[in-house]
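A.B. asks: No sequence on hand, only this structure:
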């Protein structure tokens, strides 16, 4: 998939250089784009991990509309949300299907008390 630095869409799975929480280093990792509107140079993302846990939505290959998962199952960590600059994106690797994205939105709604 080609890199598109000007616009990423909600549901895109991208690889980016994500800083550690102590800001003393970074790691290439997959994240899910969460924002539904263009935020200029920034975007809001959720970390994707291979470890199950609280507030994590399991995804498998069939949950992707396009692209491939490196590890299956993977988990979208709805409690690990970041605002990052789009320039940190290395590439787009997939897109979450609408049904799986709806599960993520439900979990985020529960976490933030939006229901």
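C.D. replies: Okay, I see it. The structure presented is a predicted model; accordingly, all values stated were derived computationally and were not measured.
A.B. asks: State whether residue 66 is indeed within a helix.
C.D. replies: No. Assigned with DSSP: H, G, I helix; E, B strand; the rest coil, residue 66 falls outside any helix and is strand.
A.B. asks: Quick check: residue 30 vs residue 19, distance?
C.D. replies: Taking CB to CB, to the nearest Å as the measure, residue 30 falls 15 Å from residue 19. C-beta here means a position set from N, CA and C on the backbone, and glycine is covered the same way.
A.B. asks: So between those two, which is more surrounded?
C.D. replies: When residue 30 and residue 19 are compared on other CB atoms under 10 Å, the one with more neighbours turns out to be residue 30, at 22 against 14.
A.B. asks: Quick check: phi and psi at the more buried one.
C.D. replies: Torsion angles at residue 30 (phi, psi; degrees, to the nearest 10) stand at phi -80, psi 150.
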